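S.K.: starting from these lines, generate the structure:
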Amino acid sequence: MEATKPPTVPWLALSGLILGTFVAILVSSSVNVALPKMMSEFGVNADSIQWVVTAYTLVAGVVVPLSGYLCDRFGTKRVYVSALIIFTLGSVCCSLAWNNNSLIVARVLQGLGGGLIMPVVMILIYRIVPREKMGLAMGVFGIAGMVAPAVGPTMGGYIVDALNWQWIFLSNVPVGLAAIFMGATQITETARQAERRPDILGIIICSIACFTLLLALSQGQKEGWTSLYIVNLFIVSGFGFALFVIWEFIFPEPLLELRLLRNPTLNFSLIALSLLTIGLFAGSFLLPLYAQNILGYTPTQTGLLLLPQALAMAVTMPVSGKLFDKFGARPVCLAGLSIAAYYTYQLHTMTATMSFAMVEWILVKRAVGMGLALMPLTAVGLNTVPPALVSQGSAISNFFRQIAASIGIPIMVSVLTNRQAFHNSWLADTVNYSSPLAWLSIKKIQGMLLGKGLAAPLAAAGAKGMLALQVSKEAFVCGIQDTFLVAGIITAVGIPMALFLSKKAEADETEKQKQRYLAALIAKGESLP
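M.R.: Residues are numbered from 1 along each chain as shown. As a prediction, this is how the structure comes out:
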């Protein structure tokens with residue numbers, strides 16, 4: 001009897017998918033450092049230039065729910081290659097922009113392609129990789145998602161300093177072309193459902209709901225969370241999502257198969273993944289502020305501070321995939337979430353005088369936890385989805401992650417702003433002329449300024465100003481400490497979810513989902529696979 005050949009991972013095709021994901025995430029993380037240069041060149045203010053980022057985020061978030069339908073209707077390979085072409089063309093258009101408005105339009109085009117790449121790549125991975133090797137494949141794939149955000153700011157800062165901002169977009173073109181070539185030659189097309197009807201009303205309702213939610217989250221801090229504009233956006237979004245859910249259960253071929261959310265394993269994994277994503281984005285937002293505003297690092301030094309954590313995550317992810325394939329999700333996710341939550345909490349001990357090495361070491365240990373948990377949480381839920389519905393499962397999973405990422409930063413901004421104001425008020429009340437320490441500090445600074453030749457009135461004013469600046473800096477540090485405390489608690493809430501992700505629960509839920517899917521096919525009178 002001939003031995004059964006063990007399933008293998010198609011590494012060449014997977015490499016093409018990783019390349020496409022890497023270039024899409026890289027440009028998103030590197031463009032932020034070029035915004036001041038763009039403001040100067042286009043002669044616009046911060047309110048105008050922020051739409052360069054917001055336009056991409058909004059469009060990318062809106063197209064994520066469409067990914068499942070597009071892949072089922074037109075074929076996953078075709079959608080992936082088309083998304084890469086649109087993204088690469090958008091990158092060229094961005095580099096040719098002559099003013100802020102033209103750049104925003106080009107970013108919209110880029111977002112149409114970039115928003116589809118991640119969910120479509122996940123669909124392809126589940127179509128070309130054997131389920132027995134899914135953990136390893138997802139772990140290797142996750143390297144792109146973690147390394148690109150760390151490399152992006154450093155690379156973007158260097159490009160802006162050495163060349164100009166246009167090269168941030170042009171540098172993506174060769175990589176995009178390589179990903180297009182590999183996608184076209186190494187990936188086999190999936191089966192198409194040419195007869196599937198488009199859910200036009202579902203697309204319209206979902207697009208409006210997603211757009212208004214993401215717009216409210218991106219503009220809330222600037223406009224005020226209780227302003228009529230933001231409240232109305234949340235109301236429209238809430239009614240939109242409620243109407244969308246009702247319509248999806250009525251329409252026979254829904255845009256998103258929300259019945260998949262009856263799957264408890266998928267639900268627990270999505271909740272834990274969303275909470276971990278909020279913790280992850282808290283670090284990506286707060287750490288550059290801390291490094292540059294408190295420690296006085298340059299953008300390049302900040303990038304170097306963040307680089308080791310990306311490398312640690314890149315090393316950990318394939319290991320977590322192998323562990324997931326061998327032991328299941330529960331032990332790996334419990335360990336990863338616990339480590340990530342603890343060291344996110346530990347970041348609340350950062351001070352204005354903490355050494356580079358000490359901050360870096362905490363970040364590396366935190367990254368190990370993130371790397372252990374991220375891909376198993378993604379894989380365990382999608383593993384329970386019937387193969388024919390993987391495109392729907394991936395769309396739902398990526399939609400949750402997009403919303404979590406969009407919610408995470410506004411939450412952290414709000415906590416930071418409120419806590420900084422609280423600490424600033426408390427310190428201002430404490431550091432006054434009735435405080436012997438404050439009086440002594442003013443006299444000491446004044447004496448130092450007098451020694452440098454300043455006149456007595458100027459030295460007195462300068463001493464008070466320097467002390468006020470120190471109070472403001474300390475309030476900012478305390479605000480960041482409190483924000484990381486909140487981020488650590490949010491991440492820790494995901495730990496109990498991992499208890500429900502055992503191998504037995506995954507196997508049982510997979511069989512239940514399979515039986516439900518077959519029963520649905522029989523009810524529709526369709527042939528069984």
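
S.K.: how is the protein divided into domains?
M.R.: 8-197, 199-251, 260-413+484-529, 424-473 (automatic domain parsing).

S.K.: next, format those domains as JSON lines and append mean pLDDT and mean neighbour count.
M.R.: All C-beta spots, glycine's among them, are computed from the backbone N, C-alpha and C. Converted to JSON lines, the domains of the chain look like this (pLDDT from 0 to 100; neighbours: other CB atoms under 10 Å):
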{"stretch": "domain 8-197", "mean pLDDT": "79", "mean neighbour count": "20"}
{"stretch": "domain 199-251", "mean pLDDT": "85", "mean neighbour count": "17"}
{"stretch": "domain 260-413+484-529", "mean pLDDT": "78", "mean neighbour count": "20"}
{"stretch": "domain 424-473", "mean pLDDT": "59", "mean neighbour count": "14"}
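
S.K.: which residues touch the particular helix or strand that has residue 52 in it?
M.R.: Assigned by DSSP states H and E, residue 52 belongs to helix 51-63. Contact with helix 51-63 is made by 28, 31-32, 35, 38, 100, 103-104, 107-108, 110-112, 114-116, 207, 210-211, 214-215, 218-219, 402-403, 406, as judged by CB atoms under 8 Å, 6 or more residues apart in numbering.

S.K.: kindly calculate the angle that the helix or strand just after it makes with helix 51-63.
M.R.: For helix 51-63, the succeeding helix or strand toward the C-terminus, using DSSP H and E, is helix 67-74. Here the directions of helix 67-74 and helix 51-63 differ by 60 degrees (axes from the mean of the first three to the mean of the last three CA atoms, to 10 degrees).

S.K.: remind me, longest helix of this protein?
M.R.: Of all the segments assigned as helix in the chain under DSSP state H, the longest by residue count is helix 390-430.

S.K.: mind giving me the packing neighbours of it?
M.R.: Helix 390-430 sits against helix 51-63, helix 67-74, helix 100-128, helix 200-223, helix 264-289, helix 356-383, helix 456-493, with contacts defined as 3 or more CB pairs under 8 Å, 6 or more residues apart in numbering; DSSP states H and E.

S.K.: helices or strands next to the fourth one in the packing?
M.R.: Of the remaining helices and strands, those touching helix 200-223 by 3+ CB pairs under 8 Å, 6+ apart are helix 51-63, helix 228-250, helix 390-430.

S.K.: quick one: the first one to helix 200-223, angle?
M.R.: For helix 51-63 and helix 200-223, the angle between their directions (the same axes, to 10 degrees) works out to 150 degrees.

S.K.: only alpha carbons, please: show helix 51-63 as PDB.
M.R.: Output of helix 51-63 as PDB, limited to C-alpha atoms (Å, rounded to 0.1, in the frame of the first residue of the first chain):
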ATOM      1  CA  TRP A  51      -7.300  63.700   4.900                       C
ATOM      2  CA  VAL A  52      -4.400  62.200   3.100                       C
ATOM      3  CA  VAL A  53      -4.500  59.500   5.900                       C
ATOM      4  CA  THR A  54      -8.200  59.600   6.600                       C
ATOM      5  CA  ALA A  55      -9.300  59.100   2.900                       C
ATOM      6  CA  TYR A  56      -7.200  55.900   2.600                       C
ATOM      7  CA  THR A  57      -8.500  54.600   6.000                       C
ATOM      8  CA  LEU A  58     -12.200  55.300   5.100                       C
ATOM      9  CA  VAL A  59     -12.100  53.700   1.700                       C
ATOM     10  CA  ALA A  60     -10.000  50.700   2.800                       C
ATOM     11  CA  GLY A  61     -12.500  50.100   5.600                       C
ATOM     12  CA  VAL A  62     -15.600  50.300   3.400                       C
ATOM     13  CA  VAL A  63     -14.300  47.800   0.800                       C
END
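
S.K.: determine how far it lies from the middle of the whole chain.
M.R.: In terms of CA atoms, centre = their mean, to the nearest Å, the gap separating the centre of helix 51-63 from the centre of its chain is 13 Å.

S.K.: next one: stretch 323-331
M.R.: Using CA atoms, centre = their mean, the offset of stretch 323-331 from its chain centre is 24 Å.

S.K.: end to end, how far does it reach?
M.R.: 9 Å (CA to CA, to the nearest Å).

S.K.: now do stretch 88-103: distance from first to last residue.
M.R.: End-to-end distance of stretch 88-103 (CA to CA): 14 Å.

S.K.: pull the residues that contact it.
M.R.: 27, 38, 42, 44, 48-49, 51-52, 105-114, 166-167, 169-170, 172-173, 176-177, 180.

S.K.: name the nearest residue to residue 368, sequence neighbours excluded.
M.R.: Spatial nearest neighbour of residue 368, excluding adjacent residues (CB to CB, 6 or more residues apart in numbering): residue 316 at 5.1 Å.

S.K.: actually residue 338, not the one I typed
M.R.: residue 495 is the one closest to residue 338 (CB to CB, 6+ apart), at 6.0 Å.

S.K.: circling back to that earlier point, so who does the residue nearest to residue 368 touch?
M.R.: 367, 368, 370, 371, 372.

S.K.: let's see it at 7 Å
M.R.: 368, 371, 372 (CB atoms under 7 Å, 6 or more residues apart in numbering).

S.K.: and residue 72, by the same measure?
M.R.: For residue 72, counting by CB under 7 Å, 6+ apart, the contacting residues are 193, 196, 391.

S.K.: could you rerun that using 10 Å?
M.R.: Contact analysis of residue 72 by CB atoms under 10 Å, 6 or more residues apart in numbering lists 79, 123, 190-194, 196, 253, 388-392, 395.

S.K.: then residue 142?
M.R.: Applying CB under 10 Å, 6+ apart to residue 142 gives the contacts 18, 21, 313-314, 316-318, 320-321, 370-371, 374-376, 378-379.

S.K.: try 8 Å this time
M.R.: Contacts of residue 142 (CB under 8 Å, 6+ apart): 313, 317, 321, 371, 374, 375.
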